[in-house]
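*Asks:* Here is my input, please return the structure:
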Amino acid sequence: MKESPRFPAHPPEGKGACVDSARRKRREKMLDAGEVRLLMLHFLSQGATWGYELIKSIEDLSRGEYTPSPGIIYPNLSLLEESELIQVGDPLATRKCWRLTAAGERYLSANQQPLERIITRLGSLAVLVNNRSIPEMERAIHNFKMALNGRLSQQHLCRESLYNIIDILDDAAKKIERS
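*Replies:* All right, here's what the predicted structure looks like:
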């Protein structure tokens, strides 16, 4: 298998490890398969579409912070079709365009509360991204990480210092939660 410059065969290790791989791992766990299927049905309820458009709709909902892969979307489209919740609009078309069936509409209607929670969660992620991208916030987070990593990387850090750092972090978390 040829190694791609963007996605190396082996993840980087050590001090220069790629932050992107950590973000990608978080994104993969953002939604389970059932939640992705529910979102797909939601977007199909707005009109017939194809797989790529479903990917873009979910990505737009989270403002780019979660993008399901084709490897998640297309098998779930097949499963939804086998479950008769969706069907192909024109079987002779070069690109499959799916639409919701009456059974799919009933299923979606019965699952409105979980759907609303998923939409809220992805919307909150978009707000988080916007707030974290404020330059002053980015600087403060960077400074915090550098100070913490610099201190924790010291080889002979005594237990008392570790507990002081833990207390400081807990206090900061409480202040942020209550602000």
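*Asks:* Sketch out the helices for this structure, chain order is fine.
*Replies:* 19-28, 33-44, 51-61, 70-82, 102-110, 112-132, 135-152, 159-178 (DSSP state H).
*Asks:* Of the ones you listed, which shows the lowest average pLDDT?
*Replies:* The weakest mean pLDDT among the helices of the chain belongs to helix 19-28, with a mean of 46.
*Asks:* related to what we said a few turns ago, winner for burial among the helices of the chain?
*Replies:* helix 33-44 (a mean of 20; mean count of other CB atoms under 10 Å). For every residue, glycine as well, the C-beta is placed using N, CA and C.
*Asks:* List the contacts of that helix.
*Replies:* Helix 33-44 has contacts (CB atoms under 8 Å, 6 or more residues apart in numbering) with 31, 49, 53-54, 57-58, 61, 68, 72-73, 76-77, 79-80, 85-86, 98-100, 104, 107-108, 111, 114-115, 118-119.
*Asks:* Relative to Leu92, which of the helices of the chain is closest?
*Replies:* helix 70-82 (16.1 Å; CB to CB).
*Asks:* just the angle between that closest one and helix 51-61, please?
*Replies:* With axes from the mean of the first three to the mean of the last three CA atoms, to 10 degrees applied, the angle from helix 70-82 to helix 51-61 works out at 110 degrees.
*Asks:* Tell me the gap between helix 70-82 and the middle of its chain.
*Replies:* In terms of CA atoms, centre = their mean, to the nearest Å, the centre of helix 70-82 is set 18 Å apart from its chain centre.
*Asks:* Who are the packing partners of it?
*Replies:* helix 33-44, helix 51-61, strand 86-88, strand 98-100 (3 or more CB pairs under 8 Å, 6 or more residues apart in numbering; DSSP states H and E).
*Asks:* the inter-axis angle of it versus helix 102-110?
*Replies:* Relative orientation of helix 70-82 versus helix 102-110 (the same axes, to 10 degrees): 110 degrees.
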